[in-house]
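Participant: Compute the structure for the input listed below.
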Amino acid sequence: MAWKPSSPDWTSLKRALALLGEGLRETALREHLSKTAGLVAVHGLCMSRNFVEHSQRMHVVRDGAAEASPLLLVHGSGASGGSRGPLAPALAARHHVVRVDLPGCGQSLAAPTFHVPDQAGRVAAMLDELGLGAVTVVAHSSGGYVATSLVEQRPDLVRSLALISTGPSMDALLPQPLILRVLL
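Facilitator: Numbering: from 1, shown residues only. Coordinates of the predicted model:
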């Protein structure tokens, strides 16, 4: 991961590297990093909490150690990856957490199509761009259809899949309230 000199984390990273160069113990370095700009030091690697990027027209937030087991969180209709923010610190203790805003949701740009297979294709392309290999996917509600389509299209990208409140088919979805349809 590359930090740019203009980013807020750059100063903290430079200071942390200087402290490391001075022979500071790893525990003291971790304490310093936890107090400055939200950086985390894990096994000698630094990764910013809430490292944000955009891939395939989607807003992506990553938490945890880059070398940890990757965990992809996929939200349902009317939600965003930000809705899983409170879970991220606990999950990031053991995983490289990837929270995605599907196209047209949260901070992601709208897409030409919102068909489930197309969304799954964008998620697959995003995973390829990030170079994460096989991930554990946890999907909620209609995000489960995107995750299931991802498994169908690219089984090589999914190590395991957990579906939460996902119906047996798209036909099983309850009609969305008018206000939600207007907002979407």
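Participant: now the helices for this structure?
Facilitator: Under the criterion DSSP state H, helices of the chain are mapped to 8-21, 26-35, 88-92, 116-130, 143-153, 178-183.
Participant: For the last one, which outside residues touch it?
Facilitator: Residues lying outside helix 178-183 but in contact with it, judged by Cβ atoms under 8 Å, 6 or more residues apart in numbering, are 77, 78. For the C-beta atoms, the positions are set from N, CA and C on the backbone; glycine is no exception.
Participant: average model confidence for that helix?
Facilitator: The average pLDDT within helix 178-183 is 78.
Participant: now do the first one
Facilitator: Helix 8-21 shows a mean pLDDT of 52 in the predicted model.
Participant: likewise the third one?
Facilitator: Here helix 88-92 scores 87 as its mean pLDDT.
Participant: For that helix, buried residues please.
Facilitator: 88, 91, 92 (16 or more other Cβ atoms under 10 Å).
Participant: what is the closest residue to residue 151 other than its chain neighbours paired to in the beta sheet?
Facilitator: The shortest distance from residue 151 to any non-neighbouring residue, by Cβ to Cβ, 6 or more residues apart in numbering, is to residue 158 (4.9 Å). Beta bridges link residue 158 to residue 135, judged by DSSP bridges.
Participant: Around residue 158, how many other residues sit close by?
Facilitator: 20 (other Cβ atoms under 10 Å).
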